[in-house]
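Chemist: For reference, the sequence and a predicted model appear below.
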Amino acid sequence: ARLVAVVAVGVAACVGAAALAHDDGEASPPAVQPSSLRDAAAAGLQVSAWLPYWDDGSGLASLEAHGKAIDAVHLFWFEARSAEDVALQAKKTGTAVDVARHAGAKVLATITEKLGPRDFGALLADAAERSRHARVVCDLAVRSGFDGVDLDYESFALGAAPADVDALARGYVALVSELA
């Protein structure tokens, strides 16, 4: 079975209801401006939500209230600590997964990493370590019954020496290719 993989690299930019710039520098609103999750879903937009480990209470309440309008729930609960160690960042229960599934949403494991450019670069550069990490990520998703993973691997790119960026990028692409 193939996993859905959502990949976040680098620092993510958020575009809200603010504006998109034209070539002339003038701002214009996005084509669709939903005023609610239900409006977004009705407009055919995909709606996803992160459920962070540090705020289960309000996150779960919001999921219960709006779950039918959410297409995918990203459980922001996991951290890659080495090639073989992808661990929960806090004790979790299956309640959120059950609520998301009952609402019909896909459930994805969001995995962060804090290894930094040197250690994560070494993992990415070593084909055996990289494959071992891909296997651990896939095993987590399959064992937990998740629909996929969201690799929120950012810190390895922050502070990397310019000379190391190409090697990090190649290694990361190889990791994602192994997961695909």
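Modeler: Looks like it came in fine.
Chemist: my guess is residue 161 contacts residue 121, does it?
Modeler: No: look at residue 161 against residue 121 with Cβ atoms under 8 Å: they stay out of range, at 9.7 Å. Heads up, the C-betas are built off the backbone N, CA and C, glycines and all.
Chemist: Buried residues, the helix or strand where residue 119 lies. List them.
Modeler: Assigned by DSSP states H and E, residue 119 belongs to helix 116-125. For helix 116-125, a neighbour-count test (16 or more other Cβ atoms under 10 Å) marks 117, 120-121, 123-124 as buried.
Chemist: Taking those residues, tell me the two that lie furthest apart.
Modeler: The span of those, defined through Cβ to Cβ, is set by 117 and 123 at 10.9 Å.
Chemist: Check the contact lists of the two and give me the overlap.
Modeler: Residues touching both residue 117 and residue 123 (Cβ atoms under 8 Å, 6 or more residues apart in numbering): none.
Chemist: coming back round to it: tell me the angle the next helix-or-strand element following the helix holding residue 119 makes with helix 116-125.
Modeler: Counting by DSSP H and E, the next helix or strand C-terminal to helix 116-125 is helix 127-144. Using axes from the mean of the first three to the mean of the last three Cα atoms, to 10 degrees, the direction of helix 127-144 lies 90 degrees away from that of helix 116-125.
Chemist: what is the mean pLDDT for helix 127-144?
Modeler: What helix 127-144 shows for mean pLDDT is 96.
Chemist: Same check on stretch 63-77?
Modeler: Averaged across stretch 63-77, the pLDDT comes to 89.
Chemist: what's the span of that stretch, first residue to last?
Modeler: 16 Å (Cα to Cα, to the nearest Å).
Chemist: Return the set of buried residues in that stretch.
Modeler: Applying 16+ other Cβ under 10 Å to stretch 63-77 flags 63, 66-67, 69-70, 72-77 as buried.
Chemist: of the residues you listed, closest to residue 44?
Modeler: Nearest to residue 44 among the buried residues of stretch 63-77, with distances taken as Cβ to Cβ, is residue 69, at 12.3 Å.
Chemist: The closest one and residue 106, how far apart?
Modeler: To residue 106, residue 69 is 14 Å away according to Cβ to Cβ, to the nearest Å.
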